[in-house]
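*Asks:* task: produce atomic coordinates for the following.
(one chain, ligands or ions: 2)
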Amino acid sequence: MKGLNETTVIVTGGGGGIGRAICRRFGEEGSRVAVLDRDPEAAAATVELILEAGGSARAYAADITDYNAIAETLAAIETDLGVPRVLVNNAGFDRFMPFLKTEPGLWQQLIAVNLTGALNMHHLVLPKMVAAGGGKVINIASDAARVGSSGESVYAACKAGLVGFSKTVARELATKNVCLNVVCPGPTDTALLKGVAETAPNPEKLLEAFRNAVPMKRLAQPEDYPGIVALLASDDANFITGQVISVSGGLTMAG
Ligand SMILES: NC(=O)c1ccc[n+]([C@@H]2O[C@H](COP(=O)([O-])OP(=O)(O)OC[C@H]3O[C@@H](n4cnc5c(N)ncnc54)[C@H](O)[C@@H]3O)[C@@H](O)[C@H]2O)c1
Ligand SMILES: CC(C)C1=CC=C(C(=O)O)[C@@H](O)[C@H]1O
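*Replies:* Ligands and ions are numbered 1, 2, ... in the order given. Prediction:
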């Protein structure tokens with residue numbers, strides 16, 4: 001893809017299922033990949049895979065909910081790899097529970113990671129992109145934000161918030177050559193979905209219901225996402241901003 005070779009790319013949650021697949025793709029494109037994750041071993045394992053394949057990557061252990069820690073981590077990334085031109089906000093987590101059974105403590109945890117964490121990343125990275133003359137942000141939200149998902153109310157609210165936030169900042173920075181777009185996965189075969197399913201009374205029944213809700217009748221695999229993320233990060237997408245794209249086998253068909 002145009003414009004990704006020797007470009008500095010940050011992927012949050014780069015040690016997880018979808019994040020790792022995205023990191024590997026940027027490695028293949030010749031980007032310098034900053035694999036940011038609160039799980040140091042997971043981040044290191046992703047870096048190992050990229051290096052083995054001949055790419056360039058470094059691991060950064062940091063929690064996106066901690067503004068000051070992220071500021072320090074970004075300073076280190078800039079020193080090691082250069083100013084980021086691409087940011088993929090992918091870190092996220094969920095607990096599956098009907099809203100009336102949830103407690104405010106869980107809401108705060110979900111909001112901290114899925115919404116405030118992404119705000120922290122934007123607030124600290126976007127000024128660098130503006131100063132450098134441009135950049136690309138790809139936010140990984142969820143089809144739960146677009147069609148709703150029983151048991152994921154607060155998570156869905158955070159992801160819908162991320163969609164509205166992305167469109168708004170896309171407008172604010174449109175003349176600064178900074179493009180923000182959103183990719184919405186549907187149910188995907190990763191640790192996050194397994195964790196969600198395990199908290200349901202009948203995990204296999206829930207996974208079957210997810211499969212049946214998808215017109216293409218399968219769960220997504222992490223490898224379903226890197227193509228669209230790389231495209232949106234590339235120079236081929238220089239006139240695309242504020243868009244929301246579902247990659248979910250037809251679960252959401254939005255005009
Ligand atoms: N798996 C699905 O069904 C599904 C569906 C729709 C959207 N998504 C979204 O896709 C993204 C990736 O999910 P996944 O399925 O690969 O999950 P995953 O659990 O496999 O990976 C998530 C990664 O994020 C990291 N992380 C979590 N909180 C963090 C924090 N505070 N700071 C830094 N790192 C943190 C975890 O350590 C993990 O490595 C998430 O935003 C998720 O909401 C997933
Ligand atoms: C809409 C639905 C079947 C769905 C979308 C997204 C998810 C997510 O984890 O973000 C899924 O768990 C699932 O609920």
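*Asks:* ligand 1 contacts on the stretch 101-250 of the chain?
*Replies:* Selection of the stretch 101-250 of the chain residues close to ligand 1 by Cβ under 6 Å from any ligand atom yields Val113, Gly117, Ile140, Ser142, Pro185, Pro187, Thr188, Thr190, Ala191, Leu192, Leu193. Just so you know, the C-beta spots here come from the backbone N, C-alpha and C atoms, and that holds for glycine as well.
*Asks:* hmm, 5 Å instead?
*Replies:* The stretch 101-250 of the chain has residues Val113, Ile140, Ser142, Pro185, Pro187, Thr188, Thr190, Ala191, Leu192, Leu193 near ligand 1, with proximity defined as Cβ under 5 Å from any ligand atom.
*Asks:* quick check: Leu207 is in a strand.
*Replies:* No: read with DSSP: H, G, I helix; E, B strand; the rest coil, Leu207 is helix and lies in no strand.
*Asks:* what's around the nearest residue to it once chain neighbours are set aside, how many residues?
*Replies:* Leaving aside its chain neighbours, Leu207 sits nearest to Ala197 (5.4 Å; criterion: Cβ to Cβ, 6 or more residues apart in numbering). When counting by other Cβ atoms under 10 Å, one arrives at 17 neighbours for Ala197.
*Asks:* pLDDT wise, what is Ala197 at?
*Replies:* Ala197 is assigned 88 on the pLDDT scale.
*Asks:* on that earlier part again, would you mind writing the PyMOL command to select the buried ones in the residues of the stretch 101-250 of the chain next to ligand 1?
*Replies:* Selecting only the buried entries of these in PyMOL, with 16 or more other Cβ atoms under 10 Å as the criterion:
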select buried, resi 113+140+142+185+187+188+190+192+193
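*Asks:* ok, so of the residues of the stretch 101-250 of the chain next to ligand 1, who is nearest ligand 2?
*Replies:* Ranked by distance to ligand 2 (Cβ to the nearest ligand atom), these are led by Ser142 at 3.3 Å.
*Asks:* settle this for me: the closest one is touching Cys184, isn't it.
*Replies:* Yes: using Cβ atoms under 8 Å, Ser142 makes contact with Cys184 at a distance of 5.7 Å.
*Asks:* anything in contact with each of these two?
*Replies:* Common neighbours of Ser142 and Cys184, counting by Cβ atoms under 8 Å, 6 or more residues apart in numbering, are Lys159.
*Asks:* tell me the SS of whatever residue of the stretch 51-200 of the chain ends up closest to ligand 1?
*Replies:* Closest residue of the stretch 51-200 of the chain to ligand 1, Cβ to the nearest ligand atom: Gly92 (2.5 Å). Under three-state DSSP, the three-state class of Gly92 is coil.
*Asks:* same deal with the one 4 residues further on?
*Replies:* Using three-state DSSP, the three-state assignment for Phe96 comes out as coil.
*Asks:* right, I'll call it a day here.
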